[in-house]
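1. Here is a sequence together with a model predicted from it:
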Amino acid sequence: MSGRRAWAELLRLPALFTVPGDALSGAVAAGGRPNPRTLLAIGSSLCLYEAGMALNDWADRAEDAVERPHRPLPSGRIRPSSAFTAACVLTAAGLGLAARAGRPALAVAAPLAATVWAYDLALKHTPAGPVAMAAARGLDHLLGAATTGRPQEALPSAALLGTHTLAVTTVSRRETQGGTSLPPLAALAATATLAGLVARGARGTKRAGSTGAGKRTGTGMGTATGTGMGTAIRAGTAIAAGRRTLAPGRPGLTLDMALRTALAIAYAAAGRRYTHAVLNPSPPLTQRAVGGGVRATIPLQAALAARAGSALTAVAIAALAPLGRKYAKKVSVT
């Protein structure tokens, strides 16, 4: 049990729930639908993400011995050589799964793997670190888009996802020292801006209702505020009634709009932890802000899928959020 727990901590297993939404939202943002190749891309993403986790702790083992001696490597629960071997094996597995998904997917997975290794081994403690991490998340989104054959169409949503990751990573650079309110304040502003962008929808995208997806979906978005949950419930009621609008007297309030709004509210609600870190930039509150930012990736991915017109995919991604919260109580995502 102790060995399994050590590996769960090293790989930060609860953070895995933030990964499938990259490929899923990428596939629909590119104008397609998730397919068997998308599933292979998800497997590739999971492997490369965990490779980065193992390599991160291997590269930071000396620093962690001072700042986080409880981590698996400095505490001696996992040998550094085992962590490095795991990173190599997981990287090879990720590239292998991407190759099975097709040449376009492999063409994205290769630079993604290179970015992960460059970040952990060279860029993490430089000004380029947050940018590299943002690029990795954006590439992961494009990996899913590549399985539909039109990855370039997902570039705008990849930029939004990358911006979120840039903000979270910038805050994380101070999670063991704290002491400054500027990074969480910037992350709070970025969260508000991104929430507004995804709530408005995207121009030129296919409407969910045009394929019937808007009529077939449920809710279960797990929004963090009463307003978001109330909107989700009303959306579910409208779906059950087979309507395109939430209220007969309000034809402009479409189901698509309600879904995007509810998910945007769920994403924006994560900003409350940034607020705590702004008011008191201590290490514990900064770490909580980082954890909240990581988990907020899921409602953002779901909102991007809804923004692309795929309500089914949006709800499938959003369903991962409560699972991530549940297991994050047992193993930290930071």
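-> Okay, I see it.

2. Which strands or helices does the helix or strand where Leu39 lies pack on?
-> Using DSSP states H and E, Leu39 sits in helix 36-59. Applying 3 or more CB pairs under 8 Å, 6 or more residues apart in numbering; DSSP states H and E, one finds that helix 36-59 contacts helix 2-11, helix 20-29, helix 80-101, helix 103-118, helix 129-146. Bear in mind the C-beta positions are built from the backbone N, C-alpha and C, glycine included.

3. For it, list the C-alpha coordinates in CSV.
-> The C-alpha trace of helix 36-59 is given here as CSV (Å, rounded to 0.1, in the frame of the first residue of the first chain):
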residue,chain,number,x,y,z
PRO,A,36,-11.3,5.7,-32.0
ARG,A,37,-8.2,7.7,-33.0
THR,A,38,-9.2,10.3,-30.4
LEU,A,39,-9.2,7.5,-27.8
LEU,A,40,-5.6,6.6,-28.8
ALA,A,41,-4.7,10.3,-28.6
ILE,A,42,-6.1,10.4,-25.0
GLY,A,43,-4.0,7.4,-24.1
SER,A,44,-1.0,9.2,-25.6
SER,A,45,-1.8,12.3,-23.6
LEU,A,46,-2.1,10.4,-20.4
CYS,A,47,1.3,8.7,-20.9
LEU,A,48,3.1,11.9,-21.8
TYR,A,49,1.5,13.8,-18.9
GLU,A,50,2.6,11.2,-16.4
ALA,A,51,6.1,11.0,-18.0
GLY,A,52,6.3,14.7,-17.3
MET,A,53,5.3,14.2,-13.6
ALA,A,54,7.9,11.5,-13.0
LEU,A,55,10.6,13.5,-14.8
ASN,A,56,9.7,16.7,-12.9
ASP,A,57,10.3,15.1,-9.5
TRP,A,58,13.5,13.4,-10.8
ALA,A,59,14.9,16.7,-12.0
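
4. thinking again about what came up before, of all the helices and strands packed on helix 36-59, which one comes closest to Gly324?
-> Closest of the helices and strands packed on helix 36-59 to Gly324 is helix 20-29, at 10.3 Å (criterion: CB to CB).

5. So what touches the closest one?
-> Here helix 20-29 makes contact (CB atoms under 8 Å, 6 or more residues apart in numbering) with 33-35, 38, 41-42, 45-46, 137, 140-148, 151, 153-154, 156-158, 161, 297-298, 301-302, 304-305, 307-310, 313, 316-317, 320.

6. next one: stretch 87-96
-> 43-48, 50-52, 54-55, 58, 106, 109-110, 113, 116-117.

7. buried subset of those residues?
-> Using 16 or more other CB atoms under 10 Å as the burial test, the contacts of stretch 87-96 include 43-48, 50-52, 54-55, 58, 106, 109, 113, 116-117 as buried.
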